[in-house]
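[1] Everything below, folded, please.
(chains A and B, ligands or ions: 2)
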Amino acid sequence: MLWNNRSASQTAAEYMKSIIRRYFGPGVVLIVFLAGWYALAYGLENNFSPASGTPMIIPPPHRLFEDIYGITRTKILIAFWISLKTSLVGLTLATSIGLVLGIVMAQARWLERALWPYLIALQVTPIIAIVPLMIKLVGSNFAARVLVTVIISIFPIISNTLFGLHSTPKNMHDLFTLQRSGPLARLLKLQLPAASPAIFGGLRISAGLAVIGAIVGDFFFAKGDPGLGKLITQFFLNSQAGPMFVTALAATLLGLMLFILFGLLNKRIVGRWYEGAISQ
Amino acid sequence: MNSTTPEHHAHRSGTPSISADGICLSFPDSTEVLRNISIEIGDHEFVSVVGPSGCGKSTLLRVLSGLQKPTSGQLNTPSNDVGFVFQDPTLLPWRTALRNVETLLELRGVNATDRRELAFNALSSVGLADSANKYPRQLSGGMKMRVSLARSLVTQPKLFLFDEPFAAVDEFAREQLNDDLLALFASAKFSAVFVTHSISEAVYLSQRVIIMSARPASIAHIIEIPFDYPRSPEIRYQPDFAKCCGTIARHLRQLQNI
Ligand SMILES: Nc1ncnc2c1ncn2[C@@H]1O[C@H](COP(=O)(O)OP(=O)(O)OP(=O)(O)O)[C@@H](O)[C@H]1O
Ligand SMILES: [Mg+2]
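    Ligands and ions are numbered 1, 2, ... in the order given. The predicted model follows:
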């Protein structure tokens, strides 16, 4: 920040203004959100147990963490770690497979046309329909949960890679054609760099979806250590509304973490040169 | 100064750097764009091409570069030695100015140290040594065009094709770029085909100005420009210069009134 040529108080005032401009909108939404939450918690009939007074359906915000200690806290932390692992492994696989499929499909129109309908089908098939098949093929384990994560998160990577590779400007291609470049040099030095903003955009969406995938996977494939999804079910069955909400919050946090991580990565790698808007 | 008919297209000296004979081109949608175009451009000759908008000038350059196959006709070009400067700079936005200039050498397999040095020299020759590490988005329109010029220059092409390279920069920058280009032309010994909408730019730069007819384009007139190189910016204000411009403008008006 430049302090010379200006009085410090003036600059400070401007700084305050920029802070207000930045946080005013989100602040208002947060207040409305919390107000709605309180209204729900205290407005719902039978939300609090008549005997002990503990919340049964939805705890008010200030009472969220009252049962989070000891074994409950450990359970949530472990589940967080396990879901993080599932989403990261799933996302890594989805990214690798998605990139390869996108690149392959970009090589020929007929390939693109041949594969596209099946990818759409995979995208819209309810996971529950293929649960028995997956249990038969891979079992009800970590691998199955990772597979669900891949299925749910792969689509944006494929479609954005494909779109990015296709959107390389024609005269940049001409530049390479004049040098008689082969398809590999073209892919590595022209198409992939040109596609990288689109690819990163897809990656960010997929990161959020991977967390959803890890949690959905927990609901269907229960063997092994419980992730956040399975823990939510457990707390639900025990009528532990507080821990259940905190676990859900942990899932939100996990999604947000990955989203921000890929946003930062995007900014570091693409932000230096890309002129389009890169939001955080 | 004299205006020759299209049949006399003698080149100036030595072997022609590029010769095209009876080039015709129709696109698959049956638009006929080029009709029977024959030109010879000598070694180290500078030729400009003007013509009505949409007549096929860019298409002609694409044919001369080999990017577009003609429907019929003969073409002799220095196969691997064509530099093409597009209408927009076409810089790779993820590469710095220096790395952009390196691109073509990289594609030709020149090793890293050599190409860095060659690229830096080329950037220096267009006056951009101190912007070597800037990304295209940090450069002005004129600077980008210079980088684009340096990028083609670095491969030392025998033949340079320019497609309205300075159309997007202001008058003052354009005159500066014209002088830079002539300086490069004097030192680097290439032949040039330069498409432009600016009559005075065509006259200032070239030894011959080819005037094309409206689509389907054929060569309507060839105007010889009598000034010797090196040319000083002052020649723009000489009566002979104005006469050349006047002749070309008259021809273009006639072509558009048909
Ligand atoms: N791929 C294509 N398919 C069909 N028609 C085309 C194609 N490319 C160009 N044309 C047509 O060929 C004609 C000549 O185009 P070209 O770009 O060569 O003109 P130009 O003289 O460079 O125009 P300008 O002065 O505006 O740059 C235009 O009428 C255009 O519509
Ligand atoms: Mg054009």
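
[2] What is the host helix or strand of residue A:94 packed up against?
    In this structure, residue A:94 sits in helix A:70-107 according to DSSP states H and E. Counting contacts by 3 or more CB pairs under 8 Å, 6 or more residues apart in numbering or on different chains; DSSP states H and E, helix A:70-107 packs against helix A:109-124, helix A:142-153, helix A:155-166, helix A:192-220, helix A:228-237, helix A:241-269. All C-beta spots, glycine's among them, are computed from the backbone N, C-alpha and C.

[3] Tabulate the ones you listed (a markdown table), appending distance to ligand 1 and mean neighbour count.
    Shown next, in a markdown table, are the helices and strands packed on helix A:70-107 (distance: least, CB to the nearest ligand atom, whole Å; neighbours: other CB atoms under 10 Å in any protein chain shown):
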| stretch | distance to ligand 1 | mean neighbour count |
| --- | --- | --- |
| helix A:109-124 | 18 | 12 |
| helix A:142-153 | 39 | 24 |
| helix A:155-166 | 18 | 22 |
| helix A:192-220 | 21 | 23 |
| helix A:228-237 | 54 | 20 |
| helix A:241-269 | 35 | 18 |
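
[4] so which of the ones you listed gets nearest residue B:201?
    When these are compared by CB to CB, helix A:192-220 sits nearest residue B:201, at 32.0 Å.

[5] Quick check: pLDDT value at residue A:6.
    pLDDT for residue A:6: 57.

[6] One more: the one 3 residues further on?
    Turning to residue A:9, the model gives it a pLDDT of 71.

[7] give me the number of residues near it?
    8 (other CB atoms under 10 Å in any protein chain shown).

[8] Can you tell me the SS state at it?
    helix (DSSP: H, G, I helix; E, B strand; the rest coil).

[9] need the residues of the stretch 151-258 of chain B near chain A, please.
    Contact residues, the stretch 151-258 of chain B versus chain A (CB under 8 Å from any CB of the partner chain): none.

[10] where along the stretch 151-258 of chain B do the helices fall?
    B:171-188, B:199-205, B:239-257 (DSSP state H, counting those that start in this stretch).

[11] closest point of chain A to ligand 1, which residue?
    residue A:170 (9.9 Å; CB to the nearest ligand atom).

[12] quick one, what contacts that residue?
    For residue A:170, the contact set (CB atoms under 8 Å, 6 or more residues apart in numbering or on different chains) is empty.

[13] Over to the one 3 residues further on?
    The neighbours of residue A:173, taking CB under 8 Å, 6+ apart as the test, are A:186, A:190.

[14] so how far is residue B:31 from it?
    Separation of residue A:173 from residue B:31 (CB to CB, to the nearest Å): 22 Å.

[15] same thing with residue B:223?
    28 Å.

[16] returning to that earlier point: make JSON lines from the helices of the stretch 151-258 of chain B and add mean neighbour count to it.
    JSON lines is the format used below for the helices of the stretch 151-258 of chain B (neighbours: other CB atoms under 10 Å in any protein chain shown):
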{"stretch": "helix B:171-188", "mean neighbour count": "16"}
{"stretch": "helix B:199-205", "mean neighbour count": "23"}
{"stretch": "helix B:239-257", "mean neighbour count": "15"}
